[in-house]
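>>> quick one, what's the 3D model for this:
(3 chains)
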Amino acid sequence: MSVIAPKFRLGYFLKSLTDNIFWIVILLTLAGIPAIMIVLFYIDLPVLDGVILTPFLAFTMIFHPELAIPLVKSLLYTDFFRIAAFPGFGFAALIAAGTIFIERKLLAKLQLRVGPFYCGKVEGILQLMGDGLKLISKEIIIPAKADKPIFWAAPILFVATAAAFVSLIPVAPGWVVADIDVGLLAVFAVIGFFPIITVLSAWSANSKFPFIGGIRALHQMVSFEIPLILSLLGVVILTGTLNLSEIVESQSNYWFIAFLPIGAIVFFISMLAELERIPFDLPEAESEIVAGWLTEFSGMMYGLVQLGSYLKLYAFAALFVVLFLGGWQGPMVWPPFPEEIITKGIEAGPITVQVPGLPVTTQEMLNGTLWFTLKTVAVIFFILIPRGVFPRIRIDMLLSIGWNKLIALAFVNIFIALGLLYAGVIGPGGIL
Amino acid sequence: MGDSENSEQEIQTKPVVEKQPDLPKFEKEQSDKITAKFGSKTEIAFVKPNRIRVNVKKEDILDVASFIRDELNYDHAESVTGVDFPEAKEIEVVYHLGSYTDPHLDKQVLSLATRTAREDDPNPGKDSTRLPSLRDIFYSVEFHERECFEMLGVFFDGHPDNRRLLLPEDWADLPPLRKDFAIKGR
Amino acid sequence: MTTQLPPGIQLEKVDERIMTLNVGPQHPGSGHMRLIIRVDGDRIVSCDPDPGYVHRGEEKMAEYRNYITNIPHLERPVIHDSCNILYPYCLGVEELLGLEVSERAKYVRVIASELNRFTYTLYWLAIYGIFLGHSTMFMWPAGDREFAIDLLEKLTGARVTHAYFVPGGVRNDLPANFEDVCLRQVNYLEKRLKTYGDIFYDNPILISRTEKTGVLSRQDAIRLGTTGTVLRASGVDYDLRVKEPYDVYDELDVHTNVLKHGDSYDRSKTPWLDMLESCNIIRQALEKIPKSGSVRVKLKPNPKGGNDEVYKRVESGRGSLGAYIVSRGKPEPYRVKLSVGSFRNLICMPYLLKGEKLGNMPAVYWSLNYWPVEADR
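Numbering: from 1, shown residues only, chains lettered A, B, ... in the order given. You can find the predicted model right below:
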């Protein structure tokens, strides 16, 4: 992308076109067709109404409206859709991108400036796309004495762990990528992996400033994991289960934040520290140690790390919503699907089209998603605001907060939860 | 030269031998104390409103500076300036002393000046242009004397750290503030 | 190593426990100067400041220019406080040449000098916010500074590097309607400054980061010869505008802000209090300014001073700034020395940073009101 374009000659242009066509044809035939044959041999094609769904059949169905809906519906309930689109990576990445943009705009308005403005017609909407393109086009520079395998693997591991975290969060009833019975323990396990990745990437960069940043990140993340876990024990005591979906189900009458406000506050502060958000952004303290453990990353590696950070932010906010704010529970505001369309079909003038299989998704699912998204956005809002208000905290103050004050508050929270349980107020067998 | 605009001006003319214009009283008292103690070793260059200048030889400067600090209550040095006089083959170092603690001395700045012989071919680190350092008497001159060392080539005896401060480490030319160092193109 | 090192080059021994950090010129936390910090874990063992990154030889070049062409030259050390750095030079040259400055010019000088104090101190406050990691503390002062710069642009024609003071007065008179606009903007600036007190100086994290760090006791402040806000934050009541009034400061009512503790919090608060004081000074000056009069004295071309020397000092944003001018009867001065507040406060850096935690380094270092370009001249 940095080559100065030579003068245009038609002969060269036609030559390049035919070159490209030649190579594409060669690759498709020599490599693509055998790959398709092998893949088709091994995967299981879905069965639809007693008929095996081959690719030919899929193509015909797309152009037939009454046959397309069941196809779409069957695709919606596959594992791949859940992992890639909703509620997995695609949904999280969309919210993460929105978060980045809203953060920049919000901070700008708070600081009496405008924020992204020129990219995209309306107030800089396409700024993220521009940034992504810029990061892709930059050269990735690896320090000479860096530990190359670990250095290359670190951002990928980071995104992978963040994605693993995202996969455990239930968004709507029945919509979770990995429905594990010990979901909350799995969350803790995944969170415990982040400090290791940070230290690995800092150590492998082989430079002084990432080293200091990595050590600080290690101190910070490890010392705030304990209050994080302790503050959630109150919720577990009240529900008696570690499954995240069941925790949301048990909040159908009331939200846990009403009974465990201290736990919610401790969790919120620990969350800010785990996410390395201001006021706890020591590992990336710009004015002291250049960029902390991110110093040596450039180009798309930096982009991946940022993506991982914001995925983590979404996942933590979603976890807060699931545990304390009632997940997807909320009054039913989504209008029910009109009955006539199911029985009689869509009428447009003289044409009536019978489309069996509607509605594609249930009303509960849409309502739950709506409430979940609203609550998550509200929590993300509260995470973003301290960035404009506070300076950065110092490492010894951070450690004293994490080890002394927050653990004490978390224990107070546990006692409150135990008191509520044994008084028979809430919990299994309680009056509420 | 120059009339003073200061209001503490009206005094009786002291019976001095030469007919000089009226000197400000407070400053005259200060300079008289110095001459009373040291006599001919010091020379009062001028006594102006709020400014006194004392010229000392380099052998006596430590005593005079201690006296100024202890008796006259000057407690810090504001700046240390080196001036190069190539015709007289001397380098002059002027210390401007001020006081924060004594309210009478709020406006006063005493210039303590000393001269030393100047060598034509300075060799940093082994100069023969030497002056005693006033750092033990006035701690605040530490960085100023370092700057004087590198800019004029004056080695300060007793200064713990005669090292370059502002110039780059690989400066291999004459000390810049000397008059024989000419800026290229001028 | 038996080879002879060239003078000025030092050999550094690599220790097992102590790590040497070059908080160098290319660093978001250092301004344009280099600090060689040796840390043992989190404690700073020693700090060796290495200024000189932007040393240009101002004083040497001043000997090649005559008294008038020295004006745009000598204002370069601090470009946004340029009126204050030219002030002692102009006062000194006026005494050497025997010039008389009119009343109106003196008032205009006071107004310009106080406005320059705004631009400098707001910029310093903005950078202090960055060093502490507070981005709003950067954006708000930098945005409000535009008001002061606007006023200076109306007055002098340039946003920074005004070259406004000449020996004998100022370069041009106040433009029409300047007093009203100035009063309005100064009132607005004062309102904004008061909100800074709520959001920045009452911020618990900022307080906990700067309180009790880098404590400079009163005796030490006097002994080290510090000046300006660093001195006043350590409990010494010394402000040149009150102690040795120059121009019309003896007719204005200036209140000195003295704080007792001498830690970084006080040192960061004193310039803000000084700025609030500047608002009062500007308002008084705008009231008392004589309504008409010339502001400039006609000079002969190439004025020569006699065989004389003069030392004048002025209170600038960083402390007392002195100009020592030696003249030998030529149109060019024989020697010009600027004794700047930043260079005098430089000695506090190794003194205060020894034994501090590494995390306190930005808070202490920038609270010393240090402007690297001025210290290097």
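>>> C-terminal to the helix or strand encompassing residue C:364, what's the next element?
Residue C:364 belongs to helix C:361-367 when assigned by DSSP states H and E. For helix C:361-367, the following helix or strand on the C-terminal side (DSSP H and E) is helix C:372-376.
>>> not counting sequence-adjacent ones, nearest residue to the residue nearest to the spatial centre of chain C?
Among the residues of chain C, residue C:318 comes closest to the average C-alpha position under C-alpha atoms, centre = their mean, at 3.1 Å. In this structure, residue C:318 finds its nearest non-sequential neighbour in residue C:341, 3.6 Å apart by C-beta to C-beta, 6 or more residues apart in numbering or on different chains. To be clear about C-beta, it is placed using only N, CA and C from the backbone, and glycine gets the same treatment.
>>> any idea how far the one you found is from residue C:88?
Taking C-beta to C-beta, to the nearest Å as the measure, residue C:341 falls 12 Å from residue C:88.
>>> give the residues shared as contacts by these two.
Residues touching both residue C:341 and residue C:88 (C-beta atoms under 8 Å, 6 or more residues apart in numbering or on different chains): residue C:321.
>>> so residue C:65, which of the three states?
For residue C:65, the secondary structure call by DSSP: H, G, I helix; E, B strand; the rest coil comes out as coil.
>>> quick one, what contacts the closest residue to it other than its chain neighbours?
In this structure, residue C:65 finds its nearest non-sequential neighbour in residue C:73, 5.8 Å apart by C-beta to C-beta, 6+ apart. Taking C-beta under 8 Å, 6+ apart, we find residue C:73 in contact with C:58, C:61, C:62, C:65.
>>> show me the two of these that sit farthest apart.
C:58 and C:65 (10.6 Å; C-beta to C-beta).
>>> mind listing what the residue in the stretch 251-400 of chain A that chain C sits nearest to touches?
Relative to chain C, the nearest point of the stretch 251-400 of chain A is residue A:392 (2.9 Å; C-beta to the nearest C-beta). When the contact criterion is C-beta under 8 Å, 6+ apart, the partners of residue A:392 are A:278, A:279, A:280, A:281, A:282, A:285, C:132, C:133, C:134, C:205, C:209.
>>> likewise residue A:41?
Contacts for residue A:41 were tallied using C-beta under 8 Å, 6+ apart; there are none.
>>> and it, what pLDDT?
The model reports residue A:41 with a pLDDT of 74.
>>> that one sits in which helix or strand?
Under the criterion DSSP H and E, the helix or strand holding residue A:41 is helix A:33-42.
>>> now that helix - C-alpha only, PDB.
Extracted as PDB, the C-alpha positions of helix A:33-42 are listed here (Å, rounded to 0.1, in the frame of the first residue of the first chain):
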ATOM      1  CA  ILE A  33     -12.700 -28.700  -5.500                       C
ATOM      2  CA  PRO A  34     -10.800 -31.300  -3.500                       C
ATOM      3  CA  ALA A  35     -11.400 -29.300  -0.300                       C
ATOM      4  CA  ILE A  36     -15.200 -29.200  -1.000                       C
ATOM      5  CA  MET A  37     -15.200 -32.900  -1.700                       C
ATOM      6  CA  ILE A  38     -13.400 -33.700   1.500                       C
ATOM      7  CA  VAL A  39     -15.500 -31.400   3.600                       C
ATOM      8  CA  LEU A  40     -18.800 -32.700   2.200                       C
ATOM      9  CA  PHE A  41     -17.600 -36.200   2.900                       C
ATOM     10  CA  TYR A  42     -17.300 -35.600   6.600                       C
END
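>>> and the residue of chain B found nearest chain C, how many neighbours?
Proximity of chain B to chain C (C-beta to the nearest C-beta) peaks at residue B:140, 2.7 Å away. Summarising burial for residue B:140: neighbours were counted as other C-beta atoms under 10 Å in any protein chain shown, giving 24.
>>> excluding chain neighbours, what is closest to it?
With C-beta to C-beta, 6+ apart as the measure, residue C:225 is the residue that lies nearest to residue B:140, at 2.7 Å, once sequence neighbours are left out.
>>> unless I'm mixing things up, that neighbour is touching residue B:80, no?
No. With contact defined as C-beta atoms under 8 Å, residue C:225 does not count as touching residue B:80 (10.6 Å).
>>> check the gap between whichever residue of the stretch 51-200 of chain A sits closest to chain B and chain C for me.
Of the residues in the stretch 51-200 of chain A, the one nearest chain B is residue A:144, at a distance of 25.4 Å by C-beta to the nearest C-beta. If you measure residue A:144 against chain C using C-beta to the nearest C-beta, to the nearest Å, the figure is 19 Å.
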